[in-house]
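Q: I'd like to go over a predicted model; first the sequence, then the structure.
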Amino acid sequence: MVIVKSIDELLEATSTFKGSVGFVPTMGALHEGHLSLIKKARKENDFVVVSIFVNPTQFLEGEDLEAYPRKEEADVKICELAGVDVLFMPTVDMMYEKDELSITAPAIRGFILEGTKRAGHFDGMLQIVMKLLNLIAYNKPSTFRAYFGKKDAQQLVLITQMVKNYFINVDIVPCDIVRDKDGLALSSRNVYLSKEDRVRALSLSRSLKRATELVMQKEFNSSIIIAEMKKVLSKVEVEYVALVNREFEQIDRVELSNTIILVAARVGTTRLIDNLWI
Ligand code: AMP
């Protein structure tokens, strides 16, 4: 594995690739969720690039940019063992200059749910993803696939739209959510949870399990599903529970194979999200 810390080095390393390229962008503190994306990329491509970059423009004032977990040594080992070819770890100065043009998330799907709770977050996220995709596309790989987790459902939908709107030559590959044995969706932010909070955090996945039960009993009414989920979420501070279609439009009734049920909540000081694709 080659570790590259500058853009020139990255472009040089990827210029030698002959074949398909799988790319997994991350913010590091890698866990099994990230690893599942890397493994999928490894299986489906001749070459694999992983990036680790804690992107400042997607953090809002007062969010955890400084405290965000950083585990460089362990991350390097994980990537090496997973058979990554190139690990890209740029600095902020390399990725941004002072007076940049910006990307704005689309007015409707970018400004509901996470878009209202974290106003500006998606603009910064799309900006960095655009830069990273362009860097990997620079040497024109024969096939270019980029892997994103369904855990960040709205992010995945917005990136898919950006690629379409800006004609970026990449296939976006959605990847299933990886969970701990007890159901908690893996997240780098789970390390913030105290023992008690971790137990309370399980109510997010439990509420989605409750939604599954209801759908299996043919209860398709969104309001009823949301009300039932909120009962399971009584011990955490719910930010939203919502049902949307794959276009991220809120829906009154479950549409089979076209519905995402989402939950966001604060557990202690930690903000968690989870969802279910049905
Ligand atoms: P992050 O480092 O949080 O920016 O995440 C990098 C990528 O890993 C994103 O595409 C996430 O959606 C994905 N990811 C994070 N957690 C999980 C998980 N538990 N299961 C699957 N993918 C995940």
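A: Here it is on my side, so go on.
Q: quick check: residues of the stretch 151-278 of the chain near the ligand?
A: Contact residues of the stretch 151-278 of the chain with respect to the ligand, defined by CB under 6 Å from any ligand atom, are listed as 151, 152, 175, 177, 178, 185, 186, 187, 188. All C-beta atoms are positioned from the backbone trio N, CA, C, and that covers glycine.
Q: closest one to residue 114 out of those residues, please.
A: residue 152 (8.3 Å; CB to CB).
Q: run through the residues that contact the residue of the stretch 101-250 of the chain found nearest the ligand.
A: Proximity to the ligand, evaluated over the stretch 101-250 of the chain using CB to the nearest ligand atom, is greatest for residue 149 at 2.3 Å. Residues counted as contacts of residue 149 (CB atoms under 8 Å, 6 or more residues apart in numbering) are 33, 37, 156, 174, 175, 176, 177, 178.
Q: could you pick out the buried ones from the residues you listed?
A: For the contacts of residue 149, a burial check counting by 16 or more other CB atoms under 10 Å picks out 33, 37, 156, 175, 177, 178.
Q: check those and tell me the two furthest apart.
A: The most widely separated members of those are 156 and 178, with 14.7 Å between them, by CB to CB.
Q: for residue 226, which non-adjacent residue is spatially closest?
A: The shortest distance from residue 226 to any residue other than its chain neighbours is 4.8 Å, reached at residue 241 (CB to CB, 6 or more residues apart in numbering).
Q: secondary structure element holding that neighbour?
A: Secondary structure from DSSP states H and E places residue 241 in strand 237-245.
Q: list the buried residues in that strand.
A: For strand 237-245, a neighbour-count test (16+ other CB under 10 Å) marks 238, 239, 241, 242, 243, 244 as buried.
Q: how far is that strand from where the chain is centred?
A: 17 Å (CA atoms, centre = their mean, to the nearest Å).
Q: cool, stretch 226-234 as well?
A: Per CA atoms, centre = their mean, the displacement of stretch 226-234 from the mean C-alpha position of its chain is 25 Å.
Q: contact partners of it?
A: Contacts made with stretch 226-234 from outside it, assessed by CB under 8 Å, 6+ apart, are listed as 203-204, 206-208, 210-211, 214, 238, 241-243, 261, 263, 265.
Q: one more time with 10 Å
A: With contact meaning CB atoms under 10 Å, 6 or more residues apart in numbering, stretch 226-234 is reached by 200, 202-211, 213-214, 219, 221, 238, 240-243, 261, 263, 265.
Q: in strands only, show me these.
A: Residues of these located in strands (DSSP state E): 238, 240, 241, 242, 243, 261, 263, 265.
Q: which two in the residues you listed are spaced the farthest apart?
A: By the measure CB to CB, 243 and 265 form the most distant pair in the ones in strands among the contacts of stretch 226-234, at 16.1 Å.
Q: how long is stretch 141-156 from one end to the other?
A: 22 Å (CA to CA, to the nearest Å).
Q: any buried residues in that stretch, and which?
A: Here stretch 141-156 shows 141, 144-156 as buried, counting by 16+ other CB under 10 Å.
Q: now intersect the residues you listed with the helices, please.
A: 153, 154, 155, 156 (DSSP state H).
Q: verify the stated contact: residue 24 with residue 41.
A: Yes: shown here, residue 24 and residue 41 form a contact pair, counting by CB atoms under 10 Å, at 5.4 Å.
Q: now for the two: what residues contact both?
A: When contacts are counted by CB under 10 Å, 6+ apart, residue 24 and residue 41 are jointly contacted by 48, 49, 50, 82, 84, 145, 146, 147, 173, 175.
Q: let me see the contact set for the third one.
A: Read that as residue 50. For residue 50, the contacting residues are 1, 22-26, 28, 30, 34, 37-38, 41, 75, 78-79, 82, 84-89, 147, by CB under 10 Å, 6+ apart.
Q: adjacent strands (with direction) for the helix or strand hosting it?
A: Applying DSSP H and E as the criterion places residue 50 in strand 47-52. For strand 47-52, the pairing partners within the sheet under DSSP bridges are strand 21-26 (parallel), strand 86-88 (parallel).
Q: now residue 20: closest residue in space that isn't a chain neighbour?
A: The shortest distance from residue 20 to any residue that is not its chain neighbour, by CB to CB, 6+ apart, is 3.8 Å, and that residue is residue 143.
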